Structures are given as C-alpha cells and as structure tokens.
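following is a predicted model, sequence given first.
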Amino acid sequence: MSRVTPMDQPLPPGLYIVATPIGNLGDLSPRAADTLRRATLVLAEDKRVTAKLLAHAGASTPMRAYHDHSSEADRDAVLARLGSEAVALVSDAGTPLISDPGYKLVRAARAAGHAVHTVPGPCAAVAALTLAGLPTDRFLFLGFLPAKAKARSDAVVEVASVRASLVLYESGPRLGDTLAALRDGLGERDAAVAREISKLHEECVTGTLGALAERYASITPKGEIVIVVGPPAEREAASDDELDEALKAALSSMTPSRAAAHVAERLQLPRKRVYARALALGPDR
Ligand code: SAM
C-alpha cells in the first residue's frame with residue numbers, strides 16, 4: 001500500500017532523503033520535485049547548486065547548508081525541527097549518502113525517533129552498472145579509492161578475491177593511475193569507464209583493464225566518471241585428485257577442520273565438501 005501523501009496535503013513531519021539528477025534535469029522525478037516544493041526546509045551540500053534545482057522544480061523552499069562535518073549543534077538544530085516539519089536532504093547530484101553527506105543525520109534522526117523517508121532516484125553507480133554490460137548480480141561499491149599510490153594499491157589488493165563486479169567513482173585527472181592500479185592488483189579483467197552519464201557527451205568505453213589503463217595513460221577525460229570492473233574469472237573446478245593432494249599436505253600439519261578451511265579457500269570449493277573429504281582422509285595420511 002502506498003504511504004505517499006496526496007499532493008494537496010502538507011507533508012508529514014520527518015526527514016526526506018531526495019535523490020536529484022546526475023546531469024539531466026529531466027531525471028528529477030515528479031515526487032522529488034513535489035517533496036522539494038512542500039518541505040519547509042531543504043538541506044543542501046552547496047546552496048548555489050541546489051538553488052538551480054529548486055528553481056527548476058518551482059520550489060521557493062528555504063535552504064540550509066548541511067555536511068557530515070557540520071557541527072553537532074548544526075545537526076541538533078535540524079533534529080529539533082524534524083518533529084514538526086518536513087525537512088528534505090539533497091546532495092549536489094544523485095542520491096544523498098552515496099559518497100555524499102547524510103548518514104550521520106539519518107542515524108541521529110532514527111535514534112531520536114523521527115520518521116525518515118526516501119525519495120529514490122538517480123545514482124551514478126547504479127546508472128554505470130546499467131551501461132557497462134558486466135555482471136550485476138553481485139557488486140561491491142568502493143566509492144573513491146585513496147589518492148596516495150600505496151593506500152590505493154592496498155585498497156585494490158583487499159578486494160582482489162571478491163567474486164563480484166566492482167564499482168568505483170573517479171575523476172578525470174586520476175583515471176589513468178587508478179586503472180593502472182586496478183590492472184596491477186586485479187589482472188586482466190573486463191571493465192568499463194562510464195563518463196558524463198545522462199549528459200550530452202555520455203559515453204561508456206569498455207575493454208580489459210590493461211587496454212583501458214593504456215588508453216587513459218595519455219588521455220585525461222573531462223567530466224564525471226564511474227569505473228566498473230567485472231568479477232574474477234571462474235576458476236576451473238578442482239578435481240578430486242587435486243583436492244586430495246592439497247588436503248593430504250594440509251592434514252600433515254593441521255586439524256581436519258583447519259585443513260578444510262584452508263583448502264576450501266585456496267581451491268574455491270564448498271567448505272562442507274572439503275571437510276567431509278578431510279574427515280575421510282583423516283590426519284597424517
Ligand atoms: N551521490 C552521488 C550519486 O548518487 O551518484 C555521487 C556523489 S560523488 C561525490 C560524485 C561522483 O559520482 C563523481 O566524481 C563521479 O565519479 C560520479 N558521478 C556523478 N555524476 C556522474 C555522471 N553524470 N556520470 C558519471 N559519473 C558521475
């Protein structure tokens with residue numbers, strides 16, 4: 001059943017998380033525009049950016065700046081209004097809280113017992129997944145990788161064994177270095193660079209990480225970018241002989257349970273199956 005208030009009634013008090021376009025104003029949903037018009041306050045990352053959006057929505061709602069690094073006192077002032085007013089939170093573009101401010105406010109609003117509503121809409125990460133042509137059944141959103149080379153390559157190594165597509169935000173000047181770090185840490189996976197999504201110069205360039213790293217080593221593209229990297233290739237299932245050999249080696253120094261965990265991880269096999277085989281082989285065989 002819909003919990004949406006009819007447009008001629010005041011919005012019930014609470015916090016409204018409102019997604020906004022990532023480039024094309026036509027993507028502002030009617031419900032998002034209506035919420036911005038009927039809220040009593042709009043919390044904005046950058047009031048100059050949001051002023052244009054409010055004008056487009058025909059809203060004259062007052063604005064107040066809000067960031068996650070806003071002071072406790074600022075947050076308390078917002079919380080004090082949530083019991084009696086409808087307050088909308090927007091970011092400069094896309095869905096608030098996704099590599100953008102908001103989670104501390106949502107947490108505080110919930111803790112104080114206020115209603116929290118979401119008005120879903122554009123998000124660059126999800127839009128890029130729809131363009132890339134890479135598996136979408138499992139994906140891991142990494143936001144922006146660290147800017148420093150060592151921290152960046154450590155962050156890549158940390159996710160190298162994750163069996164999911166990876167989604168990252170990046171800027172033009174850092175794209176080449178980031179793609180090179182991904183190629184070095186993940187190997188030759190399929191990937192896509194989605195740029196200026198929903199804008200005039202939208203493009204999505206696909207290829208292996210190596211080919212993309214080479215392309216963007218010498219080109220610094222303009223605009224906003226999302227990188228999508230496909231999951232690691234499926235390892236060929238280990239044979240029974242391979243499993244027995246690995247287990248015998250592990251059982252010479254480990255308990256069946258530890259040996260099973262170790263071998264299951266290494267051969268990417270279900271732990272139950274490996275443990276059953278480890279028990280059958282027994283220790284020191
Ligand atoms: N909250 C936003 C969202 O829902 O997508 C993301 C905010 S984050 C601070 C900004 C980053 O999102 C950009 O640096 C870029 O990586 C990505 N981005 C935003 N708009 C984009 C667009 N139109 N095309 C490609 N990437 C975009």
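Cool, the structure landed.

three-state assignment of residue 185?
Here residue 185 is helix, with the state taken from DSSP: H, G, I helix; E, B strand; the rest coil.

show me what contacts it?
Contacts for residue 185 were tallied using C-beta atoms under 8 Å, 6 or more residues apart in numbering; they are 153, 156, 157, 160. No exception for glycine: its C-beta is placed from N, CA and C like everyone else's.

what is the nearest of those to the ligand?
Nearest to the ligand among these: residue 156, at 16.9 Å, using C-beta to the nearest ligand atom.

burial of the residue in the stretch 1-150 of the chain that the ligand sits nearest to, as a residue count?
Checking the stretch 1-150 of the chain residue by residue against the ligand with C-beta to the nearest ligand atom singles out residue 94 as nearest, at 2.5 Å. Burial of residue 94 is recorded as 25 neighbouring residues (other C-beta atoms under 10 Å).

check what contacts stretch 194-204 and list those residues.
Looking at stretch 194-204 with C-beta under 8 Å, 6+ apart, the contacting residues turn out to be 21-24, 27, 122, 124, 127-128, 131-132, 192-193, 205, 221-228.

rewinding a little: which one of the contacts of residue 185 sits in the busiest neighbourhood?
Greatest neighbour count in those, by other C-beta under 10 Å, goes to residue 156: 22 neighbours.

name the helices or strands packed onto the helix or strand of the chain with the lowest mean pLDDT?
Within the chain, no helix or strand scores below helix 256-267, which has a mean of 88 by mean pLDDT, DSSP states H and E. Using 3 or more C-beta pairs under 8 Å, 6 or more residues apart in numbering; DSSP states H and E, the elements in contact with helix 256-267 are helix 240-251, helix 271-281.

ok but residue 107 is inside a strand, no?
No - when three-state DSSP is applied, residue 107 is found to be helix, with no strand at that position.

per-residue confidence for it?
Per-residue pLDDT puts residue 107 at 96.

show only the entries of the contacts of stretch 194-204 found in helices.
Of the contacts of stretch 194-204, the ones assigned to helices by DSSP state H are 124, 127, 128, 131, 132.

isn't the last one right up against residue 189?
Spelled out, that is residue 132. No - if you go by C-beta atoms under 8 Å, residue 132 and residue 189 don't touch, sitting 11.9 Å apart.

thinking again about what came up before, of the contacts of residue 185, which belong to helices?
Using DSSP H, the members of those that fall within helices are 153, 156, 157.

ok, now which ones touch the second one?
I take that to be residue 156. Applying C-beta under 8 Å, 6+ apart as the definition, the contact partners of residue 156 turn out to be 145, 181, 182, 184, 185, 186.

ditto for the first one
Under the criterion of C-beta under 8 Å, 6+ apart, the neighbours of residue 153 are 181, 184, 185.

tell me the pLDDT of it.
With respect to pLDDT, residue 153 has a value of 94.

flag the shaky bits of the chain, pLDDT-wise.
For the chain, residues meeting the criterion pLDDT under 70 lie at 1-8, 283-285.

residue 94 touches residue 18, doesn't it?
No - no contact is recorded between residue 94 and residue 18 when judged using C-beta under 8 Å, the distance being 10.8 Å.

ok so, going back, adding distance to the ligand, write the contacts of residue 185 out as CSV.
Output for these, formatted as CSV (distance: C-beta to the nearest ligand atom, whole Å):
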residue, distance to the ligand
153, 20
156, 17
157, 22
160, 22
